[in-house]
Structure formats: structure tokens, C-alpha cells
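> okay, sequence plus prediction incoming.
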Amino acid sequence: MLKALPVISLALLLGACAGDGPPRPDTASQVNTAGGDISGPADARTRATLHTDLGVGYFSRGQMKVALDELNAAIKIDPTYEPAYNAMGLVYMNLGEDSNASWYFEKGLRLVPDDSETNNNYGWFLCQKGKYQEAIDHFNVALRNPLYQHPETAYANIGICSARKGDLVTATDYLERSMQVRPEFPIALLNLADIAYREGRYNDARAYLGRLQLQGPLDAQALWLGVRVERMRRDRSSMDSYALQLRNRFPNSKEAELMRNGQF
């Protein structure tokens, strides 16, 4: 299956009980070195929210060390502020530190078991580790909340995880549900194109890619899929067009390497 979904809506974290320490408790006791103590509001929840907002901002810019400093500060100020644990799990997931990521997601869910964002994000973490049914269970918890602002994300995640475990019928159903919520959702379109390719429905795959292209420039995964789809359709002109874009725009990508090596 194709690309990892952007598992977090950062905007939902912005402004959005202590127990045993995580596997590496030293990281949870770091002092905030990013911007010092945030002065002003005396309310612990308000200050924890401000530090979490800063942490998420640094995370979105790839500044993981400073993000951890801010999120640790948030948790130190208010150990019951669940969004800080969710964000911490995401940072550690992106750093590849699985034991810490799992600890923080699970701690967040002990604080707020039905939180849709944390269930979605932890579900995606589990899906990447091959724990597909457990992941899908968390996505379904996220979807039970009628106020969840991004159900298309959890629907698409169920589709992707279902495809990874080989259930393409369920995968297609949930990817289509995702687009009922958010028409022309790029992640859903790309993965529906991939399923169509895998099932030998090359004209359908081409149509999905055409719709995806209307959303903006294609990334390396979509271009590589386009190369393979047009190769099977025996459309040399379209295949060469996708191949040229892949070589010129993403020369160092794994997809470009697969193409150079003829690993169709």
C-alpha cells in the first residue's frame, strides 16, 4: 500500500494523572530550554497549553529537540494535560523511538480514553508496526465521537491498514467513505489508485491519478504509480511523461531508484 497518512491535524492540538515514568524517564524530567518559563497566566492548564502549542509548532518544522523541551515543560506544569502526551507520542514516533512513542500515546489514552486525535495517531503508529486489527480498533474509537473534526482521516487510515492486511474490499469501502466526508481527499485518491492497479483495473487507476493531479503536483509515490499504470496500459507517451517528472523532480527518491533499476 502507498503512503503514510499525515496522521495528525496540527491545528487540533494548537489550543486544543501522573503515574510511573516512561521507558526513558530522564527525557520526561528535562527542563524547558527552548524559551524559558512562559510568564503571564497563572493557570497551569493555560501555561501547559501554551507550551504544547509551541512544541507542536517546533515539531511541524522538524525541530524535534526543542519540541521535546516544550512538551516536557507542558507535562511538568500540568501532568493531566492529554494533548501534550499525544504530541509527545508523535515526536517520538517520528524519531523512531517506539517504546517512548507507545508509552506517551497510552498515557494520553489513560487520561482521555475516547480522545479521537490520540486514538487516530496511536492507531497509525500500530498500523506501521503491523498490528492492523488493534490499529483499526483505535480508528473506530476515534470515529465514534460525533464531534471529531477529521473523520476522513480515520476512515482513510482504516482503508490503508485493511489493504496492508490484504482486505482490499474493506479498504476500498473505507477509502470511499473518506471521500464522502472530504471529496477528492488526496490520500484516499492515491490509495484507491494503488488498489485499482493491484487488482488490474488500470483504467480506473489512471482515472484516480488524473483526479489526484487536479489537487496539485504529484509526489514521487504517485508519479511512480503512474509510470507503472501506463506501462501496463501500454501508453508509452504517458509513461514517459510520468517518468520524466519523477527523474527531474525526485532524482534521489527510492521510487526513482526503483525505476532506474527496472523494478516495476
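Ah, there it is.

> tell me where this protein is predicted with low confidence.
1-42 (pLDDT under 70).

> remind me, longest helix of it?
Assignment by DSSP state H gives helix 44-60 as the longest helix of the chain.

> can you pull the buried residues of that helix?
By 16 or more other C-beta atoms under 10 Å, the buried positions in helix 44-60 come out as 47-59. Placement of C-beta: from N, CA and C, glycine included.

> got it, and stretch 114-121?
Result for stretch 114-121 [16+ other C-beta under 10 Å]: buried residues 115, 116, 117, 118, 119, 120, 121.

> for the last one, give its distance to residue 152.
Look at residue 121 and residue 152: by C-beta to C-beta, to the nearest Å, they are 15 Å apart.

> what's the answer for the third one, then?
Spatial separation of residue 117 from residue 152 under the definition C-beta to C-beta is 14 Å.

> over to the fourth one?
Computed with C-beta to C-beta, the distance linking residue 118 and residue 152 is 18 Å.

> likewise for the first one?
Relative to residue 152, residue 115 is positioned 18 Å away (C-beta to C-beta).

> quick one on the thing from earlier: nearest to residue 193, of the buried residues of helix 44-60?
Of all the buried residues of helix 44-60, residue 59 has the smallest distance to residue 193: 29.8 Å, by C-beta to C-beta.

> show me what contacts the residue lying closest to that closest one once chain neighbours are set aside?
With sequence-adjacent residues excluded and distances taken as C-beta to C-beta, 6 or more residues apart in numbering, residue 59 is closest to residue 67, at 4.1 Å. Contact analysis of residue 67 by C-beta atoms under 8 Å, 6 or more residues apart in numbering lists 55, 56, 58, 59, 87, 91.

> that's all I had, so thanks and see you.
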